[in-house]
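Asks: got a sequence here, can you build the structure:
(chains A and B)
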Amino acid sequence: MATIKRLVLDVLKPHSPNVVEFAQRVAEENAGCRVQVTVAEMDENTESLVVVITGESIEFESVDSALRSMGASLHSIDDVEVLQDE
Amino acid sequence: MSVFSELGLLIRLSNSHDIARRYFVVNGLDGALAMLGLTMGFHVSGGVEISTAVSACLATAIALGMSGLSSGYVSETAERKRELSELERAMVTNLEQSVHATAARLVPVFIALVNGLGPFLIAMLVTIPLWLEQGGIAMPFGALQSAIAMAFMVIFLMGMLLGRISGTFALWSALRTLAIALATSALILLFTA
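Replies: This next block holds a predicted model:
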């Protein structure tokens, strides 16, 4: 089975929760994963983020669910790395 | 995520801690001043049976609590719904499944509880001497006078709390709220004497 090792997402989110809490919540949904969040753009009510998630086995559905629970919306999946298990 | 950290997130998300603190102090002062007025009224009218004073104060405290609870809930619900709609417009998406929608539902309940419990608890605190007197513990200066003194003390302490919140000199802030209590007492004496 192919597992996702790396994801680069373009995400729009409200200012609250802040990026630290946002990254923590995304990481909580995928134990053992590294989550890196970069604020690319900011306006009055929202901010655009580049979210890079790396890990042994990333569950895309749980990432998407975590994003939605934080009020964020996934604009695009910009990069993905998948490994076919032996 | 535990219930407490979830609640903490919702409170942070909606900046409710500041609002709740403000409501607690403002309505707490309302409660203390209402009790001061009531006990002063009983005192200047020549005193009443302690059971009458206790019932009147309890009824007033309940009314203050219910007023705070209902007004806090109604106003905060409207405010949170408006904020959620604005956020949904900015995000161009439905946020019904998000923590923002949960906050819009639960935060008004939290604020309403603070808004109602603040004046109720402070009012009950002021009436402790009346309860003690009714329970058979005699107050050294009389129950009504002790309750009036308790109201001044509570108002003074709330002024100190206000000073600490605003980061100003706490004693100065306490003296200002005490001056308000004294002015209230003077007006009561002026109009009821």
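
Asks: give the contact list for A:G55.
Replies: A:K5, A:N30, A:G32, A:C33, A:R34 (CB atoms under 8 Å, 6 or more residues apart in numbering or on different chains). All C-beta spots, glycine's among them, are computed from the backbone N, C-alpha and C.

Asks: from those residues, which land in helices?
Replies: Among the contacts of A:G55, no member is found in helices (DSSP state H).

Asks: would you list the buried entries among the residues you listed?
Replies: The neighbour count (16 or more other CB atoms under 10 Å in any protein chain shown) marks A:K5, A:N30, A:C33 as buried among the contacts of A:G55.

Asks: in a markdown table: those residues, plus pLDDT and distance to chain B.
Replies: Listed next are those as a markdown table, based on pLDDT from 0 to 100; distance: CB to the nearest CB, whole Å:
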| residue | pLDDT | distance to chain B |
| --- | --- | --- |
| A:K5 | 94 | 26 |
| A:N30 | 83 | 14 |
| A:C33 | 91 | 16 |
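
Asks: returning to that earlier point: quick one: which of the contacts of A:G55 sit in strands?
Replies: A:K5, A:R34 (DSSP state E).

Asks: quickly name whichever of the buried ones among the contacts of A:G55 is closest to B:M91.
Replies: B:M91 lies nearest to A:N30 out of those, by CB to CB, at 23.3 Å.

Asks: list the contacts for residue 62?
Replies: I went with chain A, as the question did not name one. A:E29, A:N30.

Asks: actually chain B
Replies: B:F120.

Asks: give me the helix or strand of chain B that scores worst on average pLDDT.
Replies: helix B:3-13 (a mean of 75; mean pLDDT, DSSP states H and E).

Asks: bridging residues for A:R34?
Replies: A:R34 forms beta bridges with A:T54, as assigned by DSSP bridges.

Asks: for it, give me the pLDDT.
Replies: In this model, A:R34 is scored at 95, pLDDT.

Asks: measure it to A:D10 for me?
Replies: 18 Å (CB to CB, to the nearest Å).

Asks: after the longest helix seen in chain B comes which helix or strand?
Replies: Ranked by residue count, the top helix of chain B under DSSP H comes out as helix B:50-91. Heading C-terminal from helix B:50-91, the first helix or strand you meet, by DSSP states H and E, is helix B:99-126.

Asks: could you pull out the buried residues of that next one?
Replies: So for helix B:99-126, counting by 16+ other CB under 10 Å, buried means B:99-104, B:106-108, B:110-120, B:122-126.

Asks: can you check stretch B:26-35 too?
Replies: B:N27, B:G28, B:L29, B:D30, B:G31, B:A32, B:L33, B:A34, B:M35.

Asks: format the CA atom coordinates belonging to the one helix or strand A:V37 maps to as PDB.
Replies: Taking DSSP H and E as the criterion, A:V37 maps to strand A:34-42. Coordinates of the C-alpha atoms in strand A:34-42 are reproduced here as PDB (Å, rounded to 0.1, in the frame of the first residue of the first chain):
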ATOM      1  CA  ARG A  34       6.400  17.100  11.500                       C
ATOM      2  CA  VAL A  35       4.300  20.100  10.600                       C
ATOM      3  CA  GLN A  36       5.800  23.300   9.300                       C
ATOM      4  CA  VAL A  37       3.500  26.300   8.700                       C
ATOM      5  CA  THR A  38       4.600  29.500   6.800                       C
ATOM      6  CA  VAL A  39       2.400  32.500   6.600                       C
ATOM      7  CA  ALA A  40       2.400  33.500   2.900                       C
ATOM      8  CA  GLU A  41      -0.100  36.300   3.000                       C
ATOM      9  CA  MET A  42      -2.300  38.100   5.400                       C
END
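
Asks: no further questions, thank you.
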